[in-house]
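K.L.:
What would the 3D arrangement of this be:
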Amino acid sequence: MTIVAGVKFKNGGKTYNFSSNEEYKVGDKVIVETERGTQLGQIETITDDTDISNKNLKEIKSLATKADYNKYLKNIKDAKKAFEATKELIRKKNINMNLIDASYTFDRKVLLFNFISDERVDFRELVKELANNYHTRIELHQIGVRDKAKEIGGLGLCGRTLCCSKQFKSIGSVNINMVKNQNIALNPTKINGACGRLLCCFTYENDIYEQNRKELPKIGERIQYENKEVVVTEIDPLNKTYTVKLGENTFEKVNVE
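P.N.:
Residues are numbered from 1 along each chain as shown. Sure thing, here's the model as predicted:
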């Protein structure tokens, strides 16, 4: 029977699904092939959900041995040293980039650096020097502030783990219209996340709000209600209701369903 194992590569990181015909248990450390190369991760969940297993998942290569795990720990230690040394090299070369982290693939074929910068960076000479220093392929990825939050993790305004690091494999566009659709006050302290950008969670229910709004009149619109013309003063897309003004200080909530 094919199982689906949810594998995590770092504390607070996202869980990725892999398939296997072998028996594994939660807590097992396994070797898998990812888009970034061979990696060692830990199994967090196991399921036999056929809907998930039919999605052409990559297979777990093997159970990690003690030697594999020691190699993994050495990779982390060496990557930290490379991170500090490269930060100093960037400072000396006066390159406008802020290094976020460094990591080796399990087989050490790639040394990956993530960085943020306010401008496009020409790092070709830096890559050559790093490749000469570490004798492996060097990859430098410029990421945005949302990606930085995803890599670092943390807690959001709701007190839960950041959506970008827990829920989303990729983050689509989040725009101010989503905030307006949900009738949320445009207060930066309420609508911006830890990264300083609009909260990712506005994308959760946006489709529902947009669909429900199509069935509601607009605020300020004059409509016929109980054989008289009234003005719409408020709408509630989630509950499919709107409020109309009947008189000087008389209002009534109307349900469209």
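K.L.:
From now on I want contacts and neighbour counts done on CA atoms only, so please keep to that.
P.N.:
OK.
K.L.:
Leu155 - how many residues pack around it?
P.N.:
For Leu155, the number of neighbouring residues by other CA atoms under 10 Å comes to 13.
K.L.:
who's in contact with it?
P.N.:
Thr161, Leu162 (CA atoms under 8 Å, 6 or more residues apart in numbering).
K.L.:
Enumerate the beta-bridge partners assigned to it.
P.N.:
Thr161 (DSSP bridges).
K.L.:
low pLDDT regions in the stretch 1-150 of the chain?
P.N.:
1, 12-13, 49-55, 145-150 (pLDDT under 70).
K.L.:
just the strands in it please.
P.N.:
For the stretch 1-150 of the chain, strands defined by DSSP state E, counting those that start in this stretch occupy the ranges 3-8, 15-20, 29-34, 37-47, 60-63, 98-104, 110-116, 137-142.
K.L.:
Which other helices and strands does the shortest one contact?
P.N.:
Based on contacts counted as 3 or more CA pairs under 8 Å, 6 or more residues apart in numbering; DSSP states H and E, the elements that strand 60-63 packs against are strand 15-20, strand 29-34.
K.L.:
gap between it and the chain center?
P.N.:
26 Å (CA atoms, centre = their mean, to the nearest Å).
K.L.:
Can you point out the buried residues in it?
P.N.:
Ile60, Leu63 (16 or more other CA atoms under 10 Å).
K.L.:
Give me the sheet partners of that strand and which way each runs.
P.N.:
Applying DSSP bridges to the sheet, strand 60-63 is found paired with strand 29-34 (antiparallel).
K.L.:
Just the CA coordinates for the strand it pairs with, please, in PDB.
P.N.:
Taking Å, rounded to 0.1, in the frame of the first residue of the first chain, the C-alpha atoms of strand 29-34 are listed here in PDB:
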ATOM      1  CA  LYS A  29      14.500  10.700   9.500                       C
ATOM      2  CA  VAL A  30      14.500  10.100   5.700                       C
ATOM      3  CA  ILE A  31      16.400  11.000   2.600                       C
ATOM      4  CA  VAL A  32      14.400  12.600  -0.200                       C
ATOM      5  CA  GLU A  33      14.900  14.200  -3.500                       C
ATOM      6  CA  THR A  34      13.600  17.800  -3.800                       C
END
